[in-house]
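> just the structure for this:
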Amino acid sequence: MNVLIDIFFSGVFQGSLYAIMAVGLALIWTTTGVFNFAHGILIMLGAYVCWYLMNTDVGIPLVAAIPLSLAVVAALGWCIERFLVKPFIGRKDLVLIVVIMTLAASSFFENAVLGFSGSRPKQLPPLLEGTTNFLGKAVSLNQLVIIALAPLILAGVWALLHRTRIGLGLRAVAQNNEASLLIGLDPAYLFGLTFALAAALAALAGIFIGSFKFMSPVMGTEPLTKALIVVIFGGIGSINGSIVAAYIIGIIEAFLTYYVGLYWTPSILFLILIGSLMIRPEGLLAVKGRGLS
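Numbers count the residues shown, from 1 in each chain. All right, here's what the predicted structure looks like:
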């Protein structure tokens, strides 16, 4: 019983991180129709920017460094859309060009961080120190806080998309770009806003990861792969599907890691993904066409 509690707790924790990462990736696809392969680098930069803000001469505390880090990385996400995506919108080979451009940006930032900070591992302080009793097991308060914050963050994204004028604009552009022009919306502005929001979510995920794992310039590679798996498994056009898939993948991964081992887990996850796509090619909770659901 204790083993199952450990596995379930680990799975929910991993699923919480995957959900935050995948929602940002899904937002970009549903709005612009492209994948941002620099998403993993934004995860890494979120952690590194926060670390440097806390370790300057001023010594900004974590509670202040987090929102500042999100703002910095959100601005970088806006720049990625403005300079690497916007110039090619309307071209038939847009998807291929964006893949190449964002992969190039990833390589640039990864090597820039490596050259600037070196390869020495770094780590952020936990959001909350100590442990507590959870169903008879001692668990990290830091992980419990992340598990509790994830649904609140996701609910905030849902409220933004469904209860604000900006969110309604994003949904309109995602459903029909040309028609949104007729009602006075500015797709270029909304595309940039989408990249900024997705970058902020990626940065937050990176800060969470850096609070319990060592940071490195390549720390965003694995989260990007997991986020892609989650988005595809949940249905590329479905935000809700990505959230559900994130927790399913997290729990499955926790079970596989315990019973099969860390080495074989990624391979089995890909086999599960392939099998599920053979049965339901559109994904778990896919929607028809693009649209922020």
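
> please report how far Leu154 lies from Arg91.
33 Å (CB to CB, to the nearest Å). Any C-beta I mention is one placed from the backbone N, CA and C, and that applies to glycine too.

> the two: which has the busier surroundings?
Leu154 (20 against 11; other CB atoms under 10 Å).

> so which helix or strand takes in the more buried one?
Assigned by DSSP states H and E, Leu154 falls within helix 141-163.

> same question, Val63
helix 62-80.

> what are the contacting residues of that helix?
36, 38, 42, 45-46, 49-50, 53-54, 60, 102, 105, 124-125, 127, 192-193, 195-200, 202-204, 207 (CB atoms under 8 Å, 6 or more residues apart in numbering).

> quick check: which ranges of the stretch 51-200 of the chain have low pLDDT?
For the stretch 51-200 of the chain, residues meeting the criterion pLDDT under 70 lie at 58.

> let's go with 90 and repeat that
55-59, 89-95, 117-121, 131-139, 162, 167-168, 170-188 (pLDDT under 90).

> circling back: buried subset of the contacts of helix 62-80, written for ChimeraX?
The following ChimeraX line selects those of these that are buried, judged by 16 or more other CB atoms under 10 Å:
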select :36,38,42,45,46,49,50,53,54,60,102,105,124,127,192,193,195,196,197,198,199,200,202,203,204,207
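
> what about Trp284, which SS state?
No Trp there; residue 284 is Leu. coil (DSSP: H, G, I helix; E, B strand; the rest coil).

> quick one: the helices in this structure?
Ranges of helices in the chain, per DSSP state H, are 2-32, 39-54, 62-80, 94-117, 141-163, 165-175, 177-182, 187-210, 221-234, 239-259, 265-279.

> please state the offset of the longest one from the chain centre?
By that I understand helix 2-32. Relative to its chain's centre, helix 2-32 lies at 9 Å (CA atoms, centre = their mean, to the nearest Å).

> in it, what counts as buried?
Quick answer for helix 2-32 (16+ other CB under 10 Å): 7, 9-32.

> same check, this time on the last one
Taking 16+ other CB under 10 Å as the basis for neighbour counts, the residues of helix 265-279 that come out buried are Thr265, Pro266, Leu269, Ile272, Leu273, Ser276.

> could those residues go into a markdown table alongside distance to Trp158 and pLDDT?
Below are those laid out as a markdown table (distance: CB to CB, whole Å; pLDDT from 0 to 100):
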| residue | distance to Trp158 | pLDDT |
| --- | --- | --- |
| Thr265 | 30 | 91 |
| Pro266 | 30 | 88 |
| Leu269 | 27 | 89 |
| Ile272 | 27 | 86 |
| Leu273 | 25 | 86 |
| Ser276 | 25 | 84 |
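
> surely Phe191 meets Thr32?
Yes - at 5.5 Å, Phe191 counts as touching Thr32 under the criterion of CB atoms under 8 Å.

> okay, and the common contacts of these two?
Glu81, Val85, Ile89.

> who wins for most neighbours among the residues you listed?
Glu81 (24 neighbours).
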